[in-house]
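Undergrad: got a sequence here, can you model it:
(one chain, ligands or ions: 1)
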Amino acid sequence: MQQVQEQMVQVTGLRKMFGHRVVLHEVNFAITTGEVVGLVGPNGAGKTTIMKALLGLLATDAGNVRILGQPVSVNTHTVVTQQVGALIEHPAIYPFLSGWQHLQLMTASVEQMTWVVQALQMQAFIRRPAKRYSLGMKQKLGIAMALVKRPRLVILDEPMNGLDPQSVKRLRHLIGQMAGEGTSFLISSHILSELEKIIDAVILIDQGEVLLQRTMGQFRESARQSLVVRTAENARALRVLLQADYPVIQRGSNLIVTQPVSLTPLLHTLLDAHIQILKVNQHQEDLETVLLRLLAERKV
Ligand SMILES: Nc1ncnc2c1ncn2[C@@H]1O[C@H](COP(=O)(O)OP(=O)(O)OP(=O)(O)O)[C@@H](O)[C@H]1O
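TA: Numbers count the residues shown, from 1 in each chain. Below is the predicted model of the structure:
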């Protein structure tokens, strides 16, 4: 069923200083209903600070946060309490309570608790005291606590930390399912290859500024296409292509043409030099490559 694209989060002109250091400059972005947004950027870029501001956990110096149209600040967080689930930094876990008792702190609904325990496959350890949990079990419990009330907005800071591949897959599935039912997600992660599989849009933060906000559709359209060519004589092929002014580099056993070019003249150049072509592939830059390139270009 098509979701109505209601505004879930609206952040305008957010500014935060720690002492004299500006850590968020004029941050603006929006998240719609059912949208899964990735918040990415280098260490110290300001991702956790943004998440804390969204939850009203941090006094800001300027700007506004609205969730479902309602203002959020350190003094006003009714909408956060009622509609938002979050896991920021480490989950708050009491060693002597079981996982189940932690979930009971979040909701009175046994149905909701049973649903999340099954969805994240926590049945085997949910009744044990949390002091006996592994890192990954604690992380799952933290995620379960964020999701159990089926909130309208979920904020997850590095949710994949410590999770095994099966659990990552299960979480991905669950996020997709909840998003399909209208829950919005803001997820930070350094594991861009994983993040890319679940997000609808990405926000890139660097030094407290939003460098880019794009839907994955826009992102794929603008991602550069490179051409991967393998020949029987790569060293000679490299020389021939460079002489013909192609932007080409050698990587492992492949030659990479780094900018869009027409295929036929390139192949003719190689065939005219009697070089046997073994493989030709179009390759699209992935999220990680594009973001690293954008960050590198910024430093130039
Ligand atoms: N309580 C604080 N006091 C002073 N400076 C702080 C405080 N919290 C964060 N900072 C600074 O604010 C900046 C942004 O930190 P933040 O934790 O938001 O980054 P991040 O993008 O989440 O980084 P990471 O990827 O390493 O988790 C950093 O330079 C950090 O040193």
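Undergrad: can you verify Gly63 is assigned to a strand?
TA: Yes. Counting by DSSP: H, G, I helix; E, B strand; the rest coil, Gly63 is part of a strand.
Undergrad: shouldn't it be in contact with Gly13?
TA: Yes. Taking contacts as CB atoms under 8 Å, Gly63 lies within contact range of Gly13: 3.8 Å. Quick note: C-beta positions are derived from backbone N, CA and C, even for glycine.
Undergrad: surely Gln123 meets Val117?
TA: Yes. Look at Gln123 against Val117 with CB under 8 Å: they come within range, at 5.9 Å.
Undergrad: compare neighbour counts for these two and give me the winner.
TA: A count of neighbours by other CB atoms under 10 Å puts Val117 above the other of Gln123 and Val117, at 22 against 10.
Undergrad: that one in helix, strand or coil?
TA: helix.
Undergrad: before we move on, what about Val11?
TA: Here Val11 is strand, with the state taken from three-state DSSP.
Undergrad: show me the contacts for it.
TA: Applying CB atoms under 8 Å, 6 or more residues apart in numbering, we find Val11 in contact with Val27, Asn28, Phe29, Ala30, Ile50, Ala53, Leu54, Gly63, Asn64, Val65, Arg66.
Undergrad: next one: it from Gly63, what distance?
TA: Note on Val11: its distance to Gly63, by CB to CB, to the nearest Å, is 7 Å.
Undergrad: mind listing the shared neighbours of the two?
TA: Val27.
Undergrad: what about the stretch 1-150 of the chain, any weak spots by pLDDT?
TA: For the stretch 1-150 of the chain, applying pLDDT under 70 flags the ranges 1-5.
Undergrad: which parts of it are strands?
TA: With strands called from DSSP state E, counting those that start in this stretch, the stretch 1-150 of the chain shows them at 7-18, 21-32, 36-40, 62-67, 70-72, 84-87.
Undergrad: quick check, central residue of this structure?
TA: Of all residues in the chain, the one closest to the mean position by CA atoms, centre = their mean is Gly38, 3.0 Å from it.
Undergrad: may I have stretch 275-290 as CSV, with CA atoms only?
TA: Extracted C-alpha coordinates of stretch 275-290, given in CSV (Å, rounded to 0.1, in the frame of the first residue of the first chain):
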residue,chain,number,x,y,z
ILE,A,275,45.3,-6.8,-28.0
GLN,A,276,43.0,-9.6,-27.0
ILE,A,277,40.1,-8.4,-24.8
LEU,A,278,39.1,-10.9,-22.1
LYS,A,279,36.4,-9.0,-20.2
VAL,A,280,34.5,-5.7,-20.2
ASN,A,281,32.2,-4.6,-17.4
GLN,A,282,30.3,-1.4,-16.5
HIS,A,283,30.8,-0.7,-12.8
GLN,A,284,28.9,1.8,-10.8
GLU,A,285,30.5,3.5,-7.8
ASP,A,286,29.1,2.3,-4.6
LEU,A,287,28.0,4.5,-1.6
GLU,A,288,31.4,4.2,0.1
THR,A,289,33.4,5.1,-3.0
VAL,A,290,31.2,8.2,-3.7
